[in-house]
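Peer 1: How does the following fold in three dimensions:
(2 chains)
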Amino acid sequence: MAENGKLKPAERMKIQRQAMPARDAGVRSRCFEEVNLGLPEQIAMEEAKRCLECKDRKCVTGCPVQIDIPAFVTRVAAGDFAGAAEVLLNDNALPGISGRVCPQEKQCEVLCIRAKKGEPVAIGYLERFVADWASEHRNGHVATLASPTGFKVAIVGSGPAGLTAAGELAKKGHEVTVFEAFHKPGGVLVYGIPEFRLPKEIVRKEVESLKAIGVKIECNVVIGRTYTIDDLMKEEGFQAVFIANGAGLPVFMGIPGENLKGVYSANEYLTRVNLMKAYEANSDTPVLRAKKAVVIGGGNTAMDGVRTARRLGADPATLVYRRSRAEMPARIEEVHHAEEEGVVFQMLTLPIEILGDEKGWVRGLKCQKMQLGEPDKSGRARPVPIPGSEFEIPCDVVVEAIGTRANPLLTQTTPDLKVNEKGYLVVDADNMTSKAGVFAGGDIVRGAATVILAMGDGKRTAATMDRYLKEKAQRHEGGSGKTGGAGIPSVGRQ
Amino acid sequence: MSHRVIESEWLAPEVRRLVVEAPHVVRHCGPGQFVIARATSEGERIPLTIAHADRQARTITLIIQAVGCSTRQLCALEKGSEISDIVGPLGKTTDIEHVGHAVIVGGGVGTAVIYPQATALKAKGNRVSAIIGGRSRPYVILEKELGVICDAVYPCTDDGSHGFKGFVTERLKQLIEQAEQKVEMVLCAGPVPMMRAVAELTRPMGIHTVASLNPIMVDGTGMCGGCRVQVGGQMLFACVDGPEFDAHKVDFRELADRLTTYRDQERVAKGNHPCRSGAAAEVR
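Peer 2: Next up, the predicted model:
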């Protein structure tokens, strides 16, 4: 086998994109085991050799956390998995997660030069491969830490933004405490994204490795209720706070019948199943097992919901979306997987009423057919109802996955936090809120976005918080003439 | 962090009083608020009213009725044992003002909700009358404790074995009609039919009435929307907008119906699994 470096571009161009081995669709549509099985080493190396190592490196610009993609891919091609892991983990603290849930087709892979005349390099598959290799082979590998700065930093929420920021800040020598409202850390990674797409064991390991570098995680604490932000800063001695508490409240369509028994928000449905493990026979937490389920929406959450319903036995499990396939915001891979698993796609369909029986249970969904009209503000074709096209879909469970709005819980008790008209936090270029020392990122700033954008916010904000704290210390030092010791950050290797 | 049980006693048949360590919770909690507890690390999340908070001892008192298996787990806890998780305080605190004469109505374990309200109402200088009900004498709880705080306590039992014979609403009607000082406000907590009956009684009289609702809930922070209730035609979340609402605006029929969502599952599961309780959410 030729060394990667010796392969000519023409030879690399000849290599076809490798397929991700997946669990059989018939089997997996009845269980919660992970769908994608990961690339074997040889296949990963073969795939990595498809990278042309172009000068433009467009893929990197498409990555919200700016992973040095060609650097890790070429190491994979050469069989230097440890080297690849070094590069990857330096740029992204949670590659095992982003490698599985990122919409690569809209970020790095869409910009890959090979996508112009065929299939892009499978960057997502390779990221996952390296992350899994590292998780197996780098046990006990502890990140290099800067010497302690003496600063205490609080992080509100243990989702992707919070965990990423926690890791970065701990590595910079700060004392980090993460507050989580649920009884288990991970946020959307544990309550939202199902086991079959992101095994919870991966999240657990990431959390353990954060604890290993000194991050404290306090579950069952609701910031805004249990403690206020002011408590944290004035009484608990935190010099900076990063708010990453997520998007919050589920939005309902506002159609008749939404309070019938059998109607769930995607948040509730997925939390019961994922966090509370309602799919296990001996779980203490119940969930309705639909004979026929309808999930409303076109995003990743809708896809997670409908595939969950399918696994809980729904036949059919139908996805209802008011636009067409092309406008669905969900990851392409999830759409393919859902299709393979037998999910029925009812596109260009608008639910207008949830129908109930005499005992208050859902019995169907009344819908109206749509057609695509002129593009709307988002640039997507606006769906327009077709008069007289009403029809019913029989079902006993309806799950609404149409979005979320800002949770008012924290802002209610911290009135000096500036919010926009939708209730999301307003931040400056450094991701600092209107309150000095209080930063924010992820969905509570962006509205519902992606895991990787939240991770990107976590990483960037950790850097600006670090700078903020160091500048604060310098100001202090200038005033008191104090040198060394606690409170004065020392810069170590990052 | 787990939470040690400091005291544990039966208050009534199937009704347990637990005093548990909850240093986080006591810091900000007030009347009307609740916690979510899980007995074990695999347990269901169960909303429970904070019946009392001791800031010095850093403990809270929970009063739990064993209605489903998860609540039975909690009720089985002896002094010295531990509760895996407690999160709170959740929900808004009761709006307490000086109104003059306030009546608090508690049915069954709902009496746990009105107990801290009595203290707060009294502190604002109100005349406070408590009407508390139960099936029979053993089911009437907190009578002595309320007696210390309130100006008057009227126990009621269905069978007349203690106090007034009849429903709390009948006693409430009498009190409103005969009270020397006009009743300006009614706070109620208990089974949904009781709260609905209280609301229907006071509606034509125009007496401001507040009900503490007990819908099914998962996270208690607004995230799941399972606790949505119709109040004045608006969809509100009991965990962030409540749990207390204007009783004259609440759709109690819908609330009662939604509470039955998991009843069949529980019945089916009882045979093969010791603990499948959706109805557990009803205990508050």
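Peer 1: pLDDT below threshold where in chain A?
Peer 2: Residue ranges of chain A with pLDDT under 70: A:1-5, A:139-142, A:478-494.
Peer 1: for it, which strand is longest?
Peer 2: strand A:362-375 (DSSP state E).
Peer 1: Quick one: list the elements packing against that one.
Peer 2: Secondary-structure packing of strand A:362-375 (3 or more C-beta pairs under 8 Å, 6 or more residues apart in numbering or on different chains; DSSP states H and E): strand A:349-356, strand A:381-385, strand A:391-394, strand A:397-400. Bear in mind the C-beta positions are built from the backbone N, C-alpha and C, glycine included.
Peer 1: Which one of those strands lies nearest to residue A:316?
Peer 2: strand A:391-394 (9.0 Å; C-beta to C-beta).
Peer 1: Highest mean neighbour count out of the helices and strands packed on strand A:362-375?
Peer 2: strand A:397-400 (a mean of 28; mean count of other C-beta atoms under 10 Å in any protein chain shown).
Peer 1: Parallel or antiparallel, which strands does it pair with?
Peer 2: Strand A:397-400 has its sheet partners listed here by DSSP bridges as strand A:263-265 (parallel), strand A:293-296 (parallel).
Peer 1: Give me the contact list for it.
Peer 2: By C-beta atoms under 8 Å, 6 or more residues apart in numbering or on different chains, the residues outside strand A:397-400 that reach it are A:250-253, A:258, A:262-266, A:269, A:288, A:290, A:292-297, A:302, A:305-306, A:309, A:314, A:351, A:354, A:362, A:365.
Peer 1: Narrow these to just the buried residues.
Peer 2: A:250-253, A:258, A:262-266, A:269, A:288, A:290, A:292-297, A:302, A:305-306, A:309, A:314, A:351, A:354, A:362, A:365 (16 or more other C-beta atoms under 10 Å in any protein chain shown).
Peer 1: In three-state terms, label residue B:9 for me.
Peer 2: Following DSSP: H, G, I helix; E, B strand; the rest coil, residue B:9 is assigned to strand.
Peer 1: how about the nearest residue to the residue in the stretch 351-494 of chain A positioned nearest to chain B, chain neighbours excluded?
Peer 2: Using C-beta to the nearest C-beta, the single residue of the stretch 351-494 of chain A nearest to chain B is residue A:360, 4.5 Å away. The shortest distance from residue A:360 to any non-neighbouring residue, by C-beta to C-beta, 6 or more residues apart in numbering or on different chains, is to residue B:257 (4.5 Å).
Peer 1: that's a helix at that neighbour, yeah?
Peer 2: Yes: using three-state DSSP, the secondary structure at residue B:257 is a helix.
Peer 1: Quick check: pLDDT value at it.
Peer 2: Looking at residue B:257, its pLDDT is 95.
Peer 1: burial count for the residue of the stretch 351-494 of chain A closest to chain B?
Peer 2: Applying other C-beta atoms under 10 Å in any protein chain shown, we find 18 residues neighbouring residue A:360.
Peer 1: wouldn't it be in contact with residue A:261 here?
Peer 2: Yes: between residue A:360 and residue A:261 there is a contact under C-beta atoms under 8 Å: 5.4 Å.
Peer 1: Which one of the strands paired with strand A:397-400 lies nearest to residue B:19?
Peer 2: The nearest among the strands paired with strand A:397-400, by C-beta to C-beta, is strand A:263-265 at 35.1 Å.
Peer 1: Do you have the helices of the stretch 51-200 of chain B handy? List them.
Peer 2: Applying DSSP state H, counting those that start in this stretch to the stretch 51-200 of chain B gives helices spanning B:69-75, B:111-123, B:143-149, B:168-178, B:192-202.
Peer 1: do you know which of those lies nearest chain A?
Peer 2: Across these, chain A has its closest neighbour in helix B:69-75 (5.6 Å, C-beta to the nearest C-beta).
Peer 1: list the contacts for residue 104?
Peer 2: No chain in the question, so chain A it is. Counting by C-beta under 8 Å, 6+ apart, residue A:104 makes contact with A:123-124.
Peer 1: Chain B, not that one
Peer 2: Residues near residue B:104 by C-beta under 8 Å, 6+ apart: B:114, B:117-118, B:121, B:128-131, B:150, B:186-188.
Peer 1: rerun at 6 Å
Peer 2: B:114, B:117-118, B:130, B:187 (C-beta atoms under 6 Å, 6 or more residues apart in numbering or on different chains).
Peer 1: What residues are bridge-paired with it?
Peer 2: Beta-bridge partners for residue B:104, by DSSP bridges, are residue B:130, residue B:187.
Peer 1: Now do it, the pLDDT please.
Peer 2: Listed pLDDT for residue B:104 reads 97.
Peer 1: Please apply the same query to the one 3 residues further on.
Peer 2: In the predicted model, residue B:107 carries a pLDDT score of 95.
Peer 1: How about it: what's its closest non-neighbour residue?
Peer 2: With sequence-adjacent residues excluded and distances taken as C-beta to C-beta, 6+ apart, residue B:107 is closest to residue B:190, at 2.6 Å.
Peer 1: That neighbour reaches residue B:112, doesn't it?
Peer 2: No: counting by C-beta atoms under 6 Å, residue B:190 sits too far from residue B:112 to count as a contact (10.0 Å).
Peer 1: Looking at these two, which is more packed in?
Peer 2: Each of residue B:190 and residue B:112 has its neighbours counted (other C-beta under 10 Å); residue B:112 has more, 30 against 27.
Peer 1: Spit out the contact partners of the more buried one.
Peer 2: B:49, B:51, B:63.
Peer 1: residues touching the nearest residue to residue B:100 once chain neighbours are set aside, list them.
Peer 2: Closest residue to residue B:100 apart from its sequence neighbours, by C-beta to C-beta, 6+ apart: residue B:184 at 4.7 Å. Contacts for residue B:184 were tallied using C-beta under 6 Å, 6+ apart; they are B:99-101.
Peer 1: which of those are buried?
Peer 2: Those of those that meet the buried threshold are B:99, B:101, by 16+ other C-beta under 10 Å.
Peer 1: Between the contacts of residue B:104, which sits nearest residue B:220?
Peer 2: Proximity of the contacts of residue B:104 to residue B:220, judged by C-beta to C-beta, is greatest for residue B:117, which lies at 19.7 Å.
Peer 1: Just want to check the distance between the closest one and residue B:61.
Peer 2: 14 Å (C-beta to C-beta, to the nearest Å).
Peer 1: More neighbours: which of those two?
Peer 2: A count of neighbours by other C-beta under 10 Å puts residue B:117 above the other of residue B:117 and residue B:61, at 26 against 21.
Peer 1: excluding its backbone neighbours, what's nearest that one?
Peer 2: Closest residue to residue B:117 apart from its sequence neighbours, by C-beta to C-beta, 6+ apart: residue B:31 at 4.7 Å.
Peer 1: any chance you could map the strands in the stretch 51-200 of chain A?
Peer 2: Using DSSP state E, counting those that start in this stretch, the strands found in the stretch 51-200 of chain A span residues A:152-156, A:175-179.
Peer 1: Output the set of residues of chain A in proximity to chain B.
Peer 2: Chain A comes close to chain B at residues A:181, A:183, A:220, A:222, A:225-226, A:249-250, A:259, A:261, A:265, A:267-268, A:271, A:282, A:284-286, A:360, A:407, A:409, as judged by C-beta under 6 Å from any C-beta of the partner chain.
Peer 1: Any of those buried? List them.
Peer 2: The neighbour count (16+ other C-beta under 10 Å) marks A:181, A:183, A:220, A:222, A:225-226, A:249-250, A:259, A:261, A:265, A:267-268, A:271, A:284-286, A:360, A:407, A:409 as buried among the residues of chain A next to chain B.
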